[in-house]
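**Q** here is a sequence with its predicted model. Questions after.
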Amino acid sequence: MQKTRKVLVTGACGQLGSEIRRLSAGSGDFIFTDYIGTEDILSLDICDPETVAACVTENSVGTIINCAAYTNVEKAEDEPELCRRINCEGVAVLADAALQAGVALIQISTDFVFDGAKGSPYLETDAPSPLSVYGRTKAESEYIVISSGVQGAIIRTAWLYSPYGRNFLKTMLHLGSTHESITVVDDQVGSPTYAADLAEAILMLLPVAGRKKGEIYNYSNAGACSWYGFAREIMRQAGLPCEVIPVTSSEYPQKAVRPAYSYLDKTKIAAELGLDVPQWQDSLKKCLERLI
């Protein structure tokens with residue numbers, strides 16, 4: 001009898017990795033890793049070629065889902081080398097290990113590969129034009145995966161939130177319960193993504209990932225909003241009286257330049273996988289039910 005090939009998930013302690021762990025609990029087909037291991041998570045440095053190669057071969061891995069990433073957009077401006085090491089060099093190591101072992105790689109990317117100047121929803125075929133260190137490293141990681149020739153796919157997502165880790169939703173809930181009013185930028189538009197929804201989409205992609213090669217997909221929740229609109233809806237659904245005041249990006253200066261409009265078109269992944277992409281307001285409600 002042929003041994004079942006495992007799914008290796010890196011960055012298992014992050015938002016997306018944690019949701020994949022939750023959704024796959026009890027299956028026995030997944031191996032979870034992170035830079036710092038825990039009782040049920042293996043320690044794995046994705047930038048170490050020998051360790052990664054050994055992990056793939058010794059565990060009979062059939063697919064790698066790379067959830068490991070440097071995602072602090074602002075801090076990346078001060079730590080470009082570390083950001084590039086994790087987001088580019090680590091991806092190159094994973095792609096090479098997958099290629100040598102003949103396994104598939106699913107790489108997670110971001111709407112920040114775009115400059116936001118298009119003014120209409122971004123398609124998978126639109127050329128990247130990143131504005132920040134973080135965005136440039138993620139765009140480079142896409143090129144690394146595609147040029148390597150490894151089997152698998154790239155999924156671009158945006159504005160990820162969940163009950164795990166640090167994210168915009170949890171920050172707003174904290175501020176909303178401790179402040180009478182807050183200011184949030186209203187001139188950056190995209191779509192929030194509930195990490196559990198993205199995890200489900202990835203699990204649906206798993207059976208066909210080995211038949212893809214450098215295929216790019218977009219996935220975020222349906223519907224567009226600004227960060228201000230997102231914050232207002234959080235306060236409304238959470239029943240918090242905090243007033244949200246809109247401001248422009250110029251009134252809230254940051255080191256990293258963000259795209260003004262980075263809404264992702266999900267038509268391709270919805271059609272290929274038969275996905276019904278939830279509206280962001282509905283997914284926000286589901287997440288809040290787990291948090292409150």
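**A** Everything's here; your move. Not measured: the values here are computed from a predicted model. Residues are numbered from 1 along each chain as shown.

**Q** ok, now how distant is residue 227 from residue 71?
**A** 16 Å (Cβ to Cβ, to the nearest Å). C-beta coordinates here come from the backbone N, C-alpha and C atoms, glycine included.

**Q** same thing with residue 134?
**A** 7 Å.

**Q** out of the two, which sits in the busier spot?
**A** Per other Cβ atoms under 10 Å, whichever of residue 134 and residue 71 has more neighbours is residue 134, with 27 against 23.

**Q** which elements pack onto the helix or strand containing that one?
**A** Using DSSP states H and E, residue 134 sits within helix 133-148. Judged by 3 or more Cβ pairs under 8 Å, 6 or more residues apart in numbering; DSSP states H and E, helix 133-148 is in contact with helix 73-76, helix 80-84, helix 90-101, strand 104-110, strand 152-157.

**Q** find the nearest non-adjacent residue to residue 210, please.
**A** The shortest distance from residue 210 to any non-neighbouring residue, by Cβ to Cβ, 6 or more residues apart in numbering, is to residue 104 (4.4 Å).

**Q** could you verify my assumption that that neighbour touches residue 66?
**A** No. Contact between residue 104 and residue 66 fails when scored by Cβ atoms under 8 Å: they sit 11.1 Å apart.

**Q** burial count for residue 122?
**A** Counted with other Cβ under 10 Å, the neighbours of residue 122 add up to 22.

**Q** just the one 5 residues further on next, same as before
**A** Burial of residue 127, expressed as a neighbour count using other Cβ under 10 Å, amounts to 7.

**Q** repeat for the one 10 residues further on
**A** For residue 137, the neighbour count with other Cβ under 10 Å is 25.

**Q** who's in contact with the spatially closest residue to it that is not a sequence neighbour?
**A** Using Cβ to Cβ, 6+ apart and skipping residues adjacent in sequence, the residue nearest residue 137 is residue 87, 3.8 Å away. Counting by Cβ atoms under 8 Å, 6 or more residues apart in numbering, residue 87 makes contact with 69-70, 134, 137-138, 140-141.
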